[in-house]
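Novice: below are the sequence and a predicted model for it; my questions follow.
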Amino acid sequence: MKHDIENRDDLLQLVTSFYDKLLADPSINYLFTDVAKIDLDHHLPVLVNFWDMILFHSDTYQKNAMKPHMMLNTQSPLTSEHFKTWLKYFNTTLDELFEGEITEQAKQRAQSIATVMQLKIAQQNI
């Protein structure tokens, strides 16, 4: 039986499984491996902090989440397909692992984040 997202351990499970899916997909994985060259051991705790702030209003994330994505877009354009893929894997991972009110909030927030990022990127590309 699935439970709702309750804590940082759940968030770590979410982002780990989510990145397993992203990094297995050649249509998007190059952004993480070849362009951004993320170090997963460093990146996953940052993502846990971000989602902890978003879902539980913690003060664990103090950075500007938009800035690295805007810089990434200048290196390799982020397309609407990238965002669709990102959302597909995020929502699929949530549905596989969790259910409940916080889980649904995570889906809504992810959609909002993707929408805002796309708008900011479109402004940047003008």
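Specialist: Sure thing, it's come through. Bear in mind that the values here come from a model prediction, so they are computed numbers and not experimental data.
Novice: surely Ser17 meets Leu97?
Specialist: Yes. Using C-beta atoms under 8 Å, Ser17 is in contact with Leu97, at 6.4 Å. (Glycine included, C-beta is placed from N, CA and C.)
Novice: touching the helix or strand bottoming out on mean pLDDT in the chain from outside, list them.
Specialist: When the helices and strands of the chain are scored by mean pLDDT, DSSP states H and E, helix 66-75 comes last with a mean of 92. Residues from elsewhere that reach helix 66-75 (C-beta atoms under 8 Å, 6 or more residues apart in numbering): Leu31, Val35, Ala36, Leu78, Val116, Met117, Lys120, Ile121, Gln124, Asn125.
Novice: and those residues as CSV, adding pLDDT, secondary structure and distance to Leu12?
Specialist: As requested, these are exported to CSV (pLDDT from 0 to 100; DSSP: H, G, I helix; E, B strand; the rest coil; distance: C-beta to C-beta, whole Å):
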residue, pLDDT, secondary structure, distance to Leu12
Leu31, 96, helix, 22
Val35, 95, helix, 24
Ala36, 94, coil, 20
Leu78, 94, coil, 25
Val116, 95, helix, 25
Met117, 94, helix, 23
Lys120, 92, helix, 28
Ile121, 90, helix, 28
Gln124, 76, helix, 31
Asn125, 66, coil, 34
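Novice: which residues touch Ser58?
Specialist: Taking C-beta under 8 Å, 6+ apart, one finds Asn49, Asp52 in contact with Ser58.
Novice: contact partners for Leu12?
Specialist: With the criterion set at C-beta under 8 Å, 6+ apart, Leu12 makes contact with Leu44, Pro45, Val48.
Novice: that older thread, what's the farthest-apart pair in the contacts of helix 66-75?
Specialist: Val35 and Val116 (20.9 Å; C-beta to C-beta).
Novice: and stretch 109-118, how far from the chain's centre?
Specialist: 10 Å (C-alpha atoms, centre = their mean, to the nearest Å).
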